[in-house]
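Novice: Have a look at this prediction, sequence included:
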Amino acid sequence: MDSVVIVLKGKDPYLTTKKALQQFPLPNLKGRRALIKPNAARLAVPGEGVTTHPGVVEATIDHLKEKGAGEIAIGESCIFGVDPEQAFRATGMKEVSEKKRVELIHLDRVAPMEIKIPGGKVLKSIRVPAILKKFDFIISIPVMKTHMHTRVTLSIKNMKGLLWRREKARLHQLRCNGKVAQGDKALDIAISDMASVLFPHLAIIDGTTGLEGMGPAYGRKKEAGLIVLGNDPVSADAVATRLMGFPPEEVPHLRLLAERGLGEIQFSNISIKPGDFLKWETHFELPPSKLSFSFPDVVIHDEGSCSACLSTLFVLLHRYKDLLTPHRLGDNKIHIGIGKHLENISRGTILIGNCTHKMKKRGTFVKGCPPVASEVLRLLSSLGVYV
Ligand code: SF4
């Protein structure tokens, strides 16, 4: 398969996507059963850069219908703690599904099935919704975002939303030995393992409004006005990464997939239109490499957390840090623990998330997976940790 990527700039998400699709050499879709996987896993409204703009999904549905697709559905599973009905309404997916009369599937509410991963380095199998078997054309429609753990989250990373329920968190909790990792994080290797069996047939990256900084949820929106379309999702992600201002080789899961022969990141081997697409390059600010850098009076014990608890921590510290002052320990610092593999923590540490449960006798435990920041605050308040 030749890797083809089309980049288009435009103000209107629907019109720009439609135009890009009309230019794209799609395979014969007559009778195919297409599943659209947007990013609609959070409570966010269109235009904030957190979730896929419904106009992009609507244009995709219209185009699939014109091309004779047999069945079209939108499928998503939300992050833990988010009510799917509310998220689908807030993100506009419910409205699109009703307007276009396509099924909207909450993928955590259907039965799971297991897929083996031949040659998987850290994952030998994954559980996904069994309903995926019904579809033979999967379209990943992510938002163009930076990500605190994986640098970017685009069409490959968006497929993580097809994992069944808590399987998503499992990817963030893996550890691997140095022999397997060779400098790469277990999460990046796991994403490349996952993508080896869960690979979209088409990527439509919604860069109309993206997210920079503390992605995937708490960054700043970035009006890039771009749509990136590709039949090789690795190539589409590589081009999008470059448009965000950095080399695709610096995104470990893309490099790993290219090394495994599962996609192309060398631009000389990708047909990219227009040839001068870099005229639209824009700089997305990356997340800070260490949260604690911004908070010298906070000690973060992070051993095996996932992005959801890190997001909670980020919001907690940015919005409410001053309220935590009475919780300083003997070294005059606030200690916070997250993650499954916590071991040596100071007595009195604030322990966030179910993963820290085993350490609860050593600190103040806040349950949830993840607990939201206001819940952490509420619990500390109810315990009289501060007034
Ligand atoms: S408790 Fe936090 S770190 Fe653990 S799986 Fe849940 S969200 Fe991730």
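Specialist: Now that the structure is in, tell me what you want to look at. What you are looking at is a predicted structure, and each value in this text was computed from that prediction instead of being measured. Numbers count the residues shown, from 1 in each chain.
Novice: Please report the distance of residue 276 from the ligand.
Specialist: 42 Å (Cβ to the nearest ligand atom, to the nearest Å). All C-beta spots, glycine's among them, are computed from the backbone N, C-alpha and C.
Novice: Identify the residue of the stretch 101-250 of the chain closest to the ligand, quick one.
Specialist: Going by Cβ to the nearest ligand atom, the ligand is nearest to residue 169 of the stretch 101-250 of the chain, at 3.7 Å.
Novice: Distance check, residue 383 against the ligand.
Specialist: Distance, residue 383 to the ligand, by Cβ to the nearest ligand atom: 19 Å.
Novice: residues touching the residue of the stretch 101-250 of the chain closest to the ligand, list them.
Specialist: Residue 169 makes contact with 80, 306, 308, 369, according to Cβ atoms under 8 Å, 6 or more residues apart in numbering.
Novice: how about a cut-off of 7 Å?
Specialist: When contacts are counted by Cβ atoms under 7 Å, 6 or more residues apart in numbering, residue 169 touches residue 306.
Novice: Ignoring the adjacent residues along the chain, who's closest to residue 12?
Specialist: Among residues not flanking residue 12 along the chain, residue 55 sits closest, at 6.9 Å (Cβ to Cβ, 6 or more residues apart in numbering).
Novice: I should have written residue 67 there, sorry.
Specialist: Closest to residue 67 by Cβ to Cβ, 6+ apart is residue 29, at 4.2 Å.
Novice: The one you found in helix, strand or coil?
Specialist: What DSSP: H, G, I helix; E, B strand; the rest coil gives for residue 29 is coil.
Novice: Read off the pLDDT value for it.
Specialist: Listed pLDDT for residue 29 reads 97.
Novice: what does the one 5 residues further on give?
Specialist: On the pLDDT scale, residue 34 is placed at 98.
Novice: about what we covered before: touching, the residue nearest to residue 67 and residue 69? I think so.
Specialist: Yes - between residue 29 and residue 69 there is a contact under Cβ atoms under 7 Å: 4.8 Å.
Novice: Looking at these two, which is more packed in?
Specialist: residue 29 (21 against 18; other Cβ atoms under 10 Å).
Novice: contacting residues for the more buried one?
Specialist: Residue 29 neighbours (Cβ under 7 Å, 6+ apart): 64, 67, 68, 69, 137.
Novice: From residue 187, how far out is the fourth one?
Specialist: Read it as residue 69. Going from residue 69 to residue 187 by Cβ to Cβ, to the nearest Å gives 34 Å.
Novice: Same question for the first one.
Specialist: As for residue 64, its distance to residue 187 is 32 Å (criterion: Cβ to Cβ).
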